[in-house]
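[1] Quick one: sequence and predicted model below, then my questions.
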Amino acid sequence: MKHLTRRGILMSGGAFAALAACSQTPATLDATPQANTPATPAKASGWMDGTAMAAAIASGETTSLDQVNAAIARAKSVNGQINAIATEIYETARAEAGNTPAGPFQGVPTFIKDLHDWKGAPTQYGSRAFKGHMPDSDAPLPAKWRAEGVVVLGKSTSPEMGLMASTEPLVTGETCNPWDTTRIVGGSSGGAAALVAARVVPFAHASDGGGSIRIPASTCGVFGLKPSRGQLPAHAGESPPIDISVQHAVTISVRDSVNLFRDTQSNDGTFAPLATNLQPLKRRLKIGFTTDAFAGSVVAPETRAALDDVAALCEQLGHEIVPYAPTYSGQEFVDKFLLYWAAGAAEFAQQASAYTGKPVGPDIVEPWTLGLTQMFMSRRDEMESTLSWLKGFESVYDADLADQGIDILLTPTTGNPAVKLGEQAPTVPFDTLYERVITFAAFTAPMNVSGAASMSVPLSWSPSGLPIGSMFSGKRGDDQLLFELALELEAVRPWADKLPGVVAL
């Protein structure tokens, strides 16, 4: 079976007829300041970031098997509370420890997101339809990670085909936030962010088609950079009409993210290679700032207060903060983006049907997927104009920043901190869930359509102790600039010693 893509080529006409027969989303369904050089991240007791762990293994201070066994023990100690592992391959990991390729992260344990193939582990795509599916090869970025020498312990949980901003799939059940296990981890790289936040592994593979690295990074209090389109390998074969999905990682330390990025960068001539020794940013930036959702949805008071504080921090560092408002219609963007998103759901429903031999329906795909599929079917005649509008958005986005003289945008990552489990479950009635999703995931998607670099940085916590990420976004190709800014922010407001209630240390 070929690798599935989150947002593949739009379906053929033959698929539409099969989908047209699918029933409406059922109402219910059972569900089981000052530093001038990058600081070494502060250590919580017993914790090392991936860069330090790789160095310790290489020097003989520890072994890969020791670190793999320790990570497995950590996973077993907390996964009963967070349910962040879709599949474990612990015995395979033990056998591979010390025998992986001699790459920069040789011997370091990690997890691959369940949407992406790793030979030797099932890929379920967060879906009951693909339960037990075994790929015969690695997806492109995981293949680069294999060459890096990592030891994969298993697959991290994801919502069905990454279509949700919460990780509560019917196939594996809800993944719980280590900061408050009654709340969501975000999505779609929710399991990855939970495992890193709980310090099970120092970093984990992640992907982002509409916010799926940045949203769970925000809700779980970890660092997550969405690369520019084309910076890192993303797809096997032909790209979709609008290439919105990229892959990278969620980490605690910025330097782990930097090193993983540098070592897997495509380097095809489109972008300059990442510098070999990045330093905290010295250049002062003009930062466009808003806490208003682009489409006008409600933003929580604690989120606004946290971002106001981060803007003040940036001013204290010498950056210029200016008000920002998009010159494009946020409501029009959301409408067109979600129609394209729904086209991806419809394609996935077709793939699930072909794989299982069953018609599209609630026994193979979730109610949210079915609702998106029907949304696409009812608006098929709008797709040509929607694709044209979205294809032109990168120039609109770039001009929006250039015309206002803005280097970087600062916004919230999400409209509010992590909400309660169940509020964004895939079984919530479609219209209600639709409004909840666009209110929560209110800021991230424009950077996917434009291909821009964007990151969520864990600089704030709510009065009740929930993480609140600050999202900094540039243009396509601004990845190094964002990394340098992240190193500056990490030095003046470090977060590595901030630990959740569920932690494996």
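    Looks like it arrived, so ask away.
[2] and Ser253, what is it in contact with?
    Each residue near Ser253 by CB atoms under 8 Å, 6 or more residues apart in numbering is listed here: 41, 49-51, 202, 223, 490, 496. (Each C-beta comes from the backbone N, C-alpha and C, glycine too.)
[3] Out of these, which sit inside strands?
    Among the contacts of Ser253, the residues falling in strands (DSSP state E) are Phe223.
[4] Relative to Pro216, which of the contacts of Ser253 is nearest.
    Phe223 (11.4 Å; CB to CB).
[5] pretty sure that closest one contacts Val457?
    Yes. Using CB atoms under 8 Å, Phe223 is in contact with Val457, at 6.3 Å.
[6] which neighbours do these two share?
    Contact criterion CB under 8 Å, 6+ apart; residues shared by Phe223 and Val457: 486, 490.
[7] just to revisit the earlier point, output the contacts of Ser253 as a markdown table; include the columns neighbour count, distance to Gln124 and pLDDT.
    Formatted as a markdown table, the contacts of Ser253 follow (neighbours: other CB atoms under 10 Å; distance: CB to CB, whole Å; pLDDT from 0 to 100):
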| residue | neighbour count | distance to Gln124 | pLDDT |
| --- | --- | --- | --- |
| Pro41 | 23 | 33 | 45 |
| Asp49 | 23 | 29 | 98 |
| Gly50 | 28 | 26 | 98 |
| Thr51 | 22 | 31 | 98 |
| Pro202 | 27 | 25 | 98 |
| Phe223 | 29 | 27 | 99 |
| Glu490 | 25 | 34 | 98 |
| Ala496 | 21 | 32 | 98 |
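[8] Tell me if I am right that Ser385 is in a helix.
    Yes. Looking at Ser385 with DSSP: H, G, I helix; E, B strand; the rest coil, it is inside a helix.
[9] Next, the distance between the ends of stretch 210-226.
    From its first residue to its last, stretch 210-226 covers 10 Å (CA to CA, to the nearest Å).
[10] oh sorry, the question was meant for stretch 98-108
    Stretch 98-108 has its terminal residues 10 Å apart, counting by CA to CA.
[11] so how far is that stretch off the chain centroid?
    Stretch 98-108 has its average C-alpha position 24 Å from the chain's average C-alpha position, going by CA atoms, centre = their mean, to the nearest Å.
[12] which residues are in contact with it?
    50, 53-54, 57-58, 63-65, 67-68, 97, 145-151, 201-202, 259-260, 263.
[13] Now intersect those with the helices, please.
    Judged by DSSP state H, helices contain the following of the contacts of stretch 98-108: 50, 53-54, 57-58, 64-65, 67-68, 145-148, 259-260, 263.
[14] Mark which of those are buried, thanks.
    Buried members of the ones in helices among the contacts of stretch 98-108, scored by 16 or more other CB atoms under 10 Å, are 50, 53-54, 57, 64-65, 67-68, 145-148, 259-260, 263.
[15] Which of those residues sits closest to Phe294?
    The closest of those, once distances to Phe294 are taken by CB to CB, is Leu260, at 29.6 Å.
[16] mind listing what that closest one touches?
    Here Leu260 is in contact with 50, 105, 145, 148, 203, 248-249, 251 (CB under 8 Å, 6+ apart).
[17] coming back round to it: closest to Ala73 out of the contacts of Ser253?
    The closest of those to Ala73 turns out to be Pro202 (CB to CB; 15.0 Å).
[18] Not counting sequence-adjacent ones, nearest residue to that closest one?
    Spatial nearest neighbour of Pro202, excluding adjacent residues (CB to CB, 6 or more residues apart in numbering): Gly50 at 3.9 Å.
[19] Quick check, central residue of this structure?
    Central residue of the chain (CA atoms, centre = their mean): Ile213, 1.6 Å from the mean position.
[20] That one against His205, yeah?
    No. Taking CB under 8 Å as the definition, Ile213 is not a contact partner of His205, at 10.1 Å.
[21] roughly how far out does stretch 144-155 sit from the chain middle?
    Taking the mean of its C-alpha atoms, stretch 144-155 sits 18 Å from the chain's own mean (CA atoms, centre = their mean).
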